[in-house]
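Participant: Show me the folded form of this:
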Amino acid sequence: MSIELWTWNTPNGRKISVALEEMGLAYGVHPVNIGKGEQFNPAFLKISPNNRIPAILDPEGPGGAPISVFESGAILISLGQKTGRFWPADLRAQVPVLEWLMWQMGGFGPMPGQVHHFLQVENEADRRYGLERYSKETRRLYGVADRRLAEVEFFAGDISIADFAILGWAWRHERHQVDLAEFPHVRRWYETMMARPATRRGFEVALS
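Facilitator: Numbers count the residues shown, from 1 in each chain. Purely as a prediction, here's the structure:
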């Protein structure tokens, strides 16, 4: 039975479509048009109480029983545990996966997301302040990623769900007004990831 993916064409949505393709899981897409407020529909609220995409319905969850999961980081962990792929069994090896997944969830997502917001603010003074503040932090985070990737091929050493999470946002680097040429190790990683056939399918599938 297929997993139901409730989502839209956003960085957080793409994290999950990439993971599902990489893990070889069958799924169907249920677009949630956030521009029209469909994330507030009661049916979606039942599986995503925070009214945010993505969310999944897995008919064959733990113990074979159906389960719904919201929050993209939680979805990635649950899918990794379900398949045993891109999620190490060794507890010590799980630590860097969780570190870099939480780094993305807490920073490399919220901060460039604010850049997206302030680029659309009409008031020049407000726009200038917001862009300066959040662009500076976004570039700092790209620098953190670049230093990490100077030491390892993927964020947790081996490719993992953390890479899928971070890639969803690095995919929008041009919108962040970031040139990857300034961060060569991020660029090497980004090009490696985007060259993977399953990852490419995850970005090509229609989510909206």
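Participant: ok, so what distance separates the residue of the chain positioned farthest from its centre from Pro112?
Facilitator: Distance from the C-alpha centroid of the chain peaks at Ala125, with 30.9 Å (Cα atoms, centre = their mean). Separation of Ala125 from Pro112 (Cβ to Cβ, to the nearest Å) stands at 22 Å. Placement of C-beta: from N, CA and C, glycine included.
Participant: related to what we said a few turns ago, can you name the residues that contact the residue farthest from the centre of the chain?
Facilitator: For Ala125, the contact set (Cβ atoms under 8 Å, 6 or more residues apart in numbering) is empty.
Participant: Report the secondary structure element holding it.
Facilitator: Assigning secondary structure by DSSP states H and E places Ala125 in helix 124-149.
Participant: Please parse the chain into its domains.
Facilitator: 3-87+199-204, 91-196 (automatic domain parsing).
Participant: Output the ones you listed in a markdown table, with mean pLDDT appended to each entry.
Facilitator: Below are the domains of the chain laid out as a markdown table (pLDDT from 0 to 100):
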| stretch | mean pLDDT |
| --- | --- |
| domain 3-87+199-204 | 97 |
| domain 91-196 | 96 |
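Participant: burial count for Met1?
Facilitator: Around Met1 sit 8 other residues, with neighbours defined as other Cβ atoms under 10 Å.
Participant: Let me fix that, I meant to ask about Lys46.
Facilitator: 11.
Participant: now it: how far from Val121?
Facilitator: As judged by Cβ to Cβ, Lys46 and Val121 stand 34 Å apart.
Participant: what does Gly106 give?
Facilitator: Counting by Cβ to Cβ, the separation of Gly106 from Val121 is 24 Å.
Participant: in a strand, that's where Ala89 is, yeah?
Facilitator: No. Read with DSSP: H, G, I helix; E, B strand; the rest coil, Ala89 is coil and lies in no strand.
Participant: And the pLDDT for it?
Facilitator: With respect to pLDDT, Ala89 scores 96.
Participant: measure it to Arg188 for me?
Facilitator: On the measure of Cβ to Cβ, Ala89 and Arg188 end up 28 Å apart.
Participant: And stretch 76-88, what's buried?
Facilitator: 76-80, 82, 85-88 (16 or more other Cβ atoms under 10 Å).
Participant: Now the two most distant members of those.
Facilitator: For these, the farthest-apart pair by Cβ to Cβ is Ser78 and Pro88; their separation is 15.2 Å.
Participant: Determine the three-state secondary structure at the spatially closest residue to Arg201 that is not a sequence neighbour.
Facilitator: For Arg201, ignoring the flanking residues on the chain, the nearest one in space by Cβ to Cβ, 6 or more residues apart in numbering is Glu21 at 4.6 Å. Put simply, Glu21 is helix when judged by three-state DSSP.
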